[in-house]
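okay, sequence plus prediction incoming.
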Amino acid sequence: MAKKIIFMGTPMFAVPILKSLYQNGYPISIVYTQPPQKSQRGQKINKSPIQGIAETLNLEFRTPVSLKNNDEEYEYLKKMEADLAIVVAYGQIIPKKFLSLTKKGFINIHASLLPKWRGAAPIQRSIINLDKETGISVMKIAEELDTGPVCNTYKIHLENNLNASDVADKLSKLASEKILYNIDDIFEDKAYFKEQDHSKATYASKIQKIEGKINWSNNAKDINGKINGLYPAPGAFFIYKGERYKILKADIGNGFGKPGEVVSDYLEVACGDKQSIKIKEIQREGKKVQNIGEFMLGSQIKKGIII
């Protein structure tokens with residue numbers, strides 16, 4: 001009898017994993033994803049990337065606003081009698097009573113090496129924290145967020161100047177390959193789930209926009225970690241003459257000056273540790289992204305200015 005798999009996910013990070021399951025013949029009975037969202041100006045309805053790929057692959061999908069106290073979705077999944085649910089950045093808490101609706105449980109692919117960086121923003125926090133490595137954890141969902149037992153972890157090294165988008169792409173590709181082996185082991189009862197060491201847990205709280213504000217008194221490595229960790233959104237930024245400037249890409253340099261002082265003609269900014277940030281891509285509030293050469297042609301931010 002064919003297995004029945006539920007897939008729950010929302011952002012682009014989850015797309016390669018769903019595609020991998022589909023292309024390798026794993027039967028996806030239903031896809032759950034967050035409902036379409038209105039754009040900021042309210043003119044356009046944006047489907048989630050997972051809804052988009054589900055439509056392309058002709059997979060049935062559902063988009064409930066919430067599973068909490070949702071008897072309709074509970075009964076729907078109960079009647080399905082699915083074998084396994086795979087959850088990848090779904091964006092909703094799975095209520096406790098749902099967790100018993102599949103024969104093999106609910107499996108989550110989490111973008112950190114648990115128990116480190118439980119929570120909403122593990123990729124961003126690992127980069128901001130200047131971690132040397134990160135990875136994915138294949139875990140069984142428990143009642144408390146990201147606390148369930150772990151089947152396998154897979155590591156990658158955080159090379160110099162990788163940003164959050166780069167790391168998400170690497171981890172998503174890794175997960176799309178490794179999930180296949182884990183599913184086979186789970187179905188064959190060969191998977192071993194080990195309890196996490198909860199005393200070592202750290203938490204990756206949701207990113208707040210204000211966290212992006214740069215303090216030039218900090219050292220250059222920390223500032224560069226913030227720039228990379230918050231790329232592409234919400235972004236690291238500074239304020240000059242009441243306008244917000246978002247830094248998208250930068251390198252560390254050896255320019256010396258007062259913290260926040262522009263020390264070259266190409267917007268190299270001194271930090272608090274006798275090093276500097278050499279800005280490569282920048283976006284003035286309300287304007288398009290520009291490389292630094294293009295930006296400096298019309299900029300009032302010149303060498304010697306403190307920002």
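Sure thing, it's come through. Numbering: from 1, shown residues only.

please count neighbours and contacts with C-alpha atoms only from this point.
OK.

ok, now which ones touch residue 296?
By C-alpha atoms under 8 Å, 6 or more residues apart in numbering, residue 296 lies in contact with 265, 266, 267.

what's the answer for residue 129, then?
222, 225.

what do you get for the one 5 residues further on?
Residues in contact with residue 134, defined by C-alpha under 8 Å, 6+ apart, are 111, 112, 113, 123, 126, 155, 156, 157, 158.

look up phi and psi at it.
Backbone torsions for residue 134, taken as degrees, to the nearest 10, come to phi -150, psi -160.

any idea how far residue 174 is from it?
Distance from residue 134 to residue 174, counting by C-alpha to C-alpha, to the nearest Å: 12 Å.

what is the neighbour count of the nearest residue to residue 120 once chain neighbours are set aside?
Once flanking residues are discounted, residue 120 sits nearest to residue 206: 5.2 Å by C-alpha to C-alpha, 6 or more residues apart in numbering. Applying other C-alpha atoms under 10 Å, we find 12 residues neighbouring residue 206.

doesn't residue 206 fall inside a strand?
No: assigned with DSSP: H, G, I helix; E, B strand; the rest coil, residue 206 falls outside any strand and is coil.

can you tell me how far it is from residue 124?
Residue 206 is 9 Å from residue 124, where distance means C-alpha to C-alpha.

in helices only, show me the contacts of residue 134.
123, 126 (DSSP state H).

could you dump the contacts of residue 134 to JSON lines with neighbour count and pLDDT?
What follows is these, written out as JSON lines (neighbours: other C-alpha atoms under 10 Å; pLDDT from 0 to 100):
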{"residue": "111", "neighbour count": "29", "pLDDT": "98"}
{"residue": "112", "neighbour count": "26", "pLDDT": "98"}
{"residue": "113", "neighbour count": "22", "pLDDT": "98"}
{"residue": "123", "neighbour count": "24", "pLDDT": "98"}
{"residue": "126", "neighbour count": "25", "pLDDT": "98"}
{"residue": "155", "neighbour count": "14", "pLDDT": "98"}
{"residue": "156", "neighbour count": "15", "pLDDT": "98"}
{"residue": "157", "neighbour count": "12", "pLDDT": "97"}
{"residue": "158", "neighbour count": "18", "pLDDT": "96"}
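
list just the nearest of the contacts of residue 134 to residue 219.
Residue 219 lies nearest to residue 126 out of the contacts of residue 134, by C-alpha to C-alpha, at 17.4 Å.

kindly state the beta-bridge partners for the closest residue to that closest one other than its chain neighbours.
Among residues not flanking residue 126 along the chain, residue 134 sits closest, at 6.9 Å (C-alpha to C-alpha, 6+ apart). Residue 134 has these beta-bridge partners by DSSP bridges: residue 156.

any idea of the pLDDT on residue 134?
At residue 134, the model reports a pLDDT of 98.

repeat that for residue 1.
Reported pLDDT for residue 1: 55.

the one 4 residues further on too?
Looking at residue 5, its pLDDT reads 98.

that one bridge partners, please.
Beta bridges link residue 5 to residue 28, residue 84, judged by DSSP bridges.

repeat that for residue 245.
Note on residue 245: beta-bridge partners residue 238, residue 284, judged by DSSP bridges.

that one is in contact with residue 214, isn't it?
No: the pair residue 245 and residue 214 does not pass the contact test of C-alpha atoms under 8 Å, sitting 10.4 Å apart.

hey, what's in contact with both of the two?
What both residue 245 and residue 214 touch, as defined by C-alpha under 8 Å, 6+ apart, is the set 237, 238.

so which bits of stretch 250-258 are buried?
If you call a residue buried by 16 or more other C-alpha atoms under 10 Å, then stretch 250-258 has these buried ones: 250, 251, 252, 253, 254, 255, 256, 257, 258.

for the residue nearest to residue 74 when sequence neighbours are not counted, helix, strand, or coil?
Spatial nearest neighbour of residue 74, excluding adjacent residues (C-alpha to C-alpha, 6+ apart): residue 98 at 6.6 Å. Following three-state DSSP, we place residue 98 in the helix state.

separation between residue 98 and residue 28?
In this view, residue 98 and residue 28 are 18 Å apart by C-alpha to C-alpha.

between the two, which one's more packed in?
residue 28 (22 against 17).

residue 183 versus that one, what's the distance?
Applying C-alpha to C-alpha, the value for residue 28 to residue 183 is 13 Å.

residue 223 contacts residue 212, doesn't it?
No: taking contacts as C-alpha under 8 Å, residue 223 lies outside contact range of residue 212: 9.7 Å.

which residues sit against the helix or strand harbouring residue 79?
Residue 79 belongs to helix 71-80 when assigned by DSSP states H and E. Residues outside helix 71-80 that contact it (C-alpha under 8 Å, 6+ apart): 64, 67, 98, 101.
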